[in-house]
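1. let me see the structure of the following:
(chains A and B)
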Number of protein chains: 2
Amino acid sequence: MTITAPHGFRAAGVAAGIKASGALDLALVVNDGPDHHAAGVFTRNRIQAAPVLWSRQVLTTGRLRAVVLNSGGANACTGPQGFQTTHATAERVAARLGCGAGEVAVCSTGLIGSQLPRDAVLAGVDAAHAALSDVGRAATDAATAILTTDTRPKQAEYRGEGGWRIGGFAKGAGMIAPAMATMLAVLTTDAVVDPGELDKALRAATSRTFDRLDIDGCTSTNDTVLVLANGASVVSVSTDELTEGLTSICGDLVELLQADAEGATKQVVIAVRGALTEGEAVTVARSVARDNLVKTALFGSDANWGRVAMAVGNADAIIDAQRLDIRMNGVTVCQDGAAYGDRKTADLTGRDILVEIDLHVGDASAEVRTTDLSYAYVEENSAYSS
Amino acid sequence: MTITAPHGFRAAGVAAGIKASGALDLALVVNDGPDHHAAGVFTRNRIQAAPVLWSRQVLTTGRLRAVVLNSGGANACTGPQGFQTTHATAERVAARLGCGAGEVAVCSTGLIGSQLPRDAVLAGVDAAHAALSDVGRAATDAATAILTTDTRPKQAEYRGEGGWRIGGFAKGAGMIAPAMATMLAVLTTDAVVDPGELDKALRAATSRTFDRLDIDGCTSTNDTVLVLANGASVVSVSTDELTEGLTSICGDLVELLQADAEGATKQVVIAVRGALTEGEAVTVARSVARDNLVKTALFGSDANWGRVAMAVGNADAIIDAQRLDIRMNGVTVCQDGAAYGDRKTADLTGRDILVEIDLHVGDASAEVRTTDLSYAYVEENSAYSS
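-> Below you'll find the model as predicted:
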């Protein structure tokens, strides 16, 4: 279940001293080939961190030898000095691996607006390089070194027909919203892939997984999902197989992110059907997922479907107020746009809540995952500053 | 400071038994003429309560004799039966006043999805009609009868040159967002106005006042702002004078709403300048005002400008990440898109917080008012069901 499960990848996680706590804070993932295909998707926030600007640029070649990631600082809103730190980090990794800096992606996460301690980061790169290994422990160290408010590392694996695999890790507990991935995720595969198809498959996979997790409507400055493919399994896969595998592993990582979301007491799925288009189904589901009055009601285990209806009506989509049906954990509480039965029979006291919305205007459907809005979310985010 | 301050208006507020608590819950405002000009703006939510559907329709004539308002139930998502209750309510008011039902607007507020007790509402109309008066006490009863989670009535007055006045009341503490007014507000004026200009002046006033208060991003199914003009002062006013007066009184009501917002511990103004257009300035300010991570940081009196920058970057507007400046309560914490000085010198411990954002890409500016996201907001909204 690690990023080194596919053949030909090594990883390491070290304590570089970026975090004052002395916790693991720098990770390195290396692709030993034979191929070095890569693709990435990045945040759509208009303010992008230095490592995002760098990694977008190097990804234009479709090749990566390695990814270096740090927690303890987002390196966002840090000006030219911050960009130089990212560049120097990639240069140091490249020097250790004997490749070009343009083959090294950089990811950072943590507080926005602080400079990273450059010397500590560069020394950390050396230590991580020395610790590189394909054993699970090294991969788990890497998955641990990227965490911020997350309470546990998030790793997943996918096994394809014929022996090829995908491994991956992700981090993210807050500032999670749809305009792409949720903070950071790295995926590796030893499948033999067509480089042009890799990008297509990654975009197809993230658009239906990471893009449909919305914890708090806040799209970070640093969101990045990268995939590295080396062909070491000597198994060729079609675009469909690759898309299926990537969608599966991304879906697993999204569930881990949802389960560990800041202050969450509920894991909520908003399932919309009967929409005119899949895009409108997502828009409606997202409007409900983001609505603070819906989220506080769910925190209180209250089947307050009127707030769901209000949020549906706020979405920019075709709806018919007279044909709206809402079910909560299997109980119909609203039919034809009006109250149905006794909403108190919908039991929302457990951790999992399913809100089903049928718009009855078309055939398209989509799901968005979210959490509730709890005292703990407010506490964690009013104190968080590291 | 009441809705009967202008000449020729009477009001009443009674306990009709809609609220189980026995509190005042039905209000009536009557325009005794000589003119009966009126205009209104309504929620942009695609799911609109029965009274909104009714009042939009009757307002197409530009004439109103009276407005009847109730708390204790929104009469939204209530199907044909709910609409019949609204219609019957208007009919009863019309019968008492000797006018047509098409001259009576209806407003409702409270829980979405429950039927109103029609008989109690109709008996309440009779009681309110019997209690109609132009004294301040009756107007305050009316302003009190429309409250839900509000802690106090919200009334304001504007005095124009030459002796004309505007009076008004409003209610709203949650489910407050920009797509127009904030729940319910009624304004009265004894100015002599051009009926066509009344609508124009009201839209100009609400677009810069009610539309720029965003407590929780939730646009209600019932939002309504109405203005009634009777010319009883015999003072003719220009469109500019009328717009100025309406903007002034709406601004006062917005400040009262903001001060009484559910669970708020901070009154926050997000002021954006240097935007390309006023619309983009509003878009940026609203993105910051709605951001839960910004709101929780402000609850903790934390000058976490990185979250402000993140929210700016999420707005659909032209920005330049290298030229962004942010000031919090007068202290520059971000300049040219990077940290400036020591953010701890920005004192946010008081109730009022001013966040100034300069985009440096144009000359347009706008302000949006909001509040913080506190434990109390979560508590009030996870329990609220009445």
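
2. from here on, just use CA atoms for contacts and neighbour counts.
-> Fine.

3. helix, strand or coil for the residue nearest to residue A:86 when sequence neighbours are not counted?
-> Leaving out its chain neighbours, the residue that sits closest to residue A:86 by Cα to Cα, 6 or more residues apart in numbering or on different chains is residue A:51, at 5.8 Å. Using DSSP: H, G, I helix; E, B strand; the rest coil, the structure places residue A:51 in helix.

4. quick one: residue A:51 from residue A:315, how far?
-> Noted for residue A:51: a distance of 34 Å to residue A:315, by Cα to Cα, to the nearest Å.

5. now do the helices in chain A.
-> In chain A, the helices defined using DSSP state H lie at A:50-59, A:79-97, A:118-131, A:136-145, A:195-207, A:239-259, A:278-290, A:292-299, A:305-313, A:375-383.

6. neighbour count: residue A:51 and residue A:315, which is higher?
-> Per other Cα atoms under 10 Å in any protein chain shown, whichever of residue A:51 and residue A:315 has more neighbours is residue A:51, with 30 against 20.

7. show residues contacting stretch A:324-331.
-> Stretch A:324-331 has contacts (Cα atoms under 8 Å, 6 or more residues apart in numbering or on different chains) with A:303, A:305, A:332-337, A:343, A:345-348, A:353-360.

8. ends of that stretch, how far apart?
-> The first-to-last residue distance of stretch A:324-331 comes to 14 Å (Cα to Cα).

9. that older thread, please tell me I have it right and the residue nearest to residue A:86 contacts residue A:107.
-> Yes - counting by Cα atoms under 8 Å, residue A:107 is a contact partner of residue A:51 at 5.4 Å.

10. joint contacts of those two?
-> Contacts common to residue A:51 and residue A:107, judged by Cα under 8 Å, 6+ apart, are residue A:222.

11. follow-up on the earlier one: and the helices of chain A: which comes nearest residue A:65?
-> helix A:79-97 (8.5 Å; Cα to Cα).

12. name the residues of that closest one that are buried.
-> A:79, A:82-83, A:85-94, A:97 (16 or more other Cα atoms under 10 Å in any protein chain shown).

13. what about the stretch 251-386 of chain A, any weak spots by pLDDT?
-> For the stretch 251-386 of chain A, the stretches with pLDDT under 70 are A:383-386.

14. which residues of the stretch 101-250 of chain A score low on pLDDT?
-> A:173-183, A:217-218.

15. tell me which residue in it sits closest to chain B.
-> Going by Cα to the nearest Cα, chain B is nearest to residue A:112 of the stretch 101-250 of chain A, at 4.8 Å.

16. give me the distance between that residue and residue B:342.
-> Distance, residue A:112 to residue B:342, by Cα to Cα: 14 Å.

17. neighbour count for these two, which is higher?
-> Counted by other Cα under 10 Å, residue A:112 and residue B:342 do not tie: residue A:112 has more neighbours, with 28 against 12.

18. contacting residues around the more buried one?
-> Applying Cα under 8 Å, 6+ apart to residue A:112 gives the contacts A:73, A:74, A:75, A:76, A:77, B:306, B:307.

19. derive a PyMOL selection command for the buried subset of the residues you listed.
-> Command for PyMOL, covering only those of these found buried under the criterion 16+ other Cα under 10 Å:
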select buried, (chain A and resi 73+74+75+76+77) or (chain B and resi 306+307)
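
20. ok, the contacts of residue A:112 vs residue B:291, which is closest?
-> Out of the contacts of residue A:112, the member with the shortest distance to residue B:291 (by Cα to Cα) is residue B:307, at 8.5 Å.

21. now do the domain split for chain A, please.
-> With domains defined by automatic domain parsing, chain A comprises A:9-259, A:267-383.

22. same list (those) but as a markdown table, adding distance to residue B:228.
-> Formatted as a markdown table, those follow (distance: least, Cα to Cα, whole Å):
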| stretch | distance to residue B:228 |
| --- | --- |
| domain A:9-259 | 40 |
| domain A:267-383 | 28 |
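
23. which of the ones you listed sits closest to residue B:272?
-> The nearest among the domains of chain A, by Cα to Cα, is domain A:9-259 at 16.5 Å.

24. find the residue closest to the residue lying farthest from the centre of chain A in space, skipping its chain neighbours.
-> Distance from the C-alpha centroid of chain A, by Cα atoms, centre = their mean, peaks at residue A:341 (38.5 Å). Leaving out its chain neighbours, the residue that sits closest to residue A:341 by Cα to Cα, 6+ apart is residue A:333, at 6.2 Å.

25. go ahead and confirm the one you found touches residue A:340.
-> Yes - with contacts counted by Cα under 8 Å, residue A:333 reaches residue A:340, the gap being 4.9 Å.

26. more crowded one of the two?
-> Using other Cα under 10 Å as the criterion, residue A:333 and residue A:340 rank with residue A:333 on top: 25 against 16.
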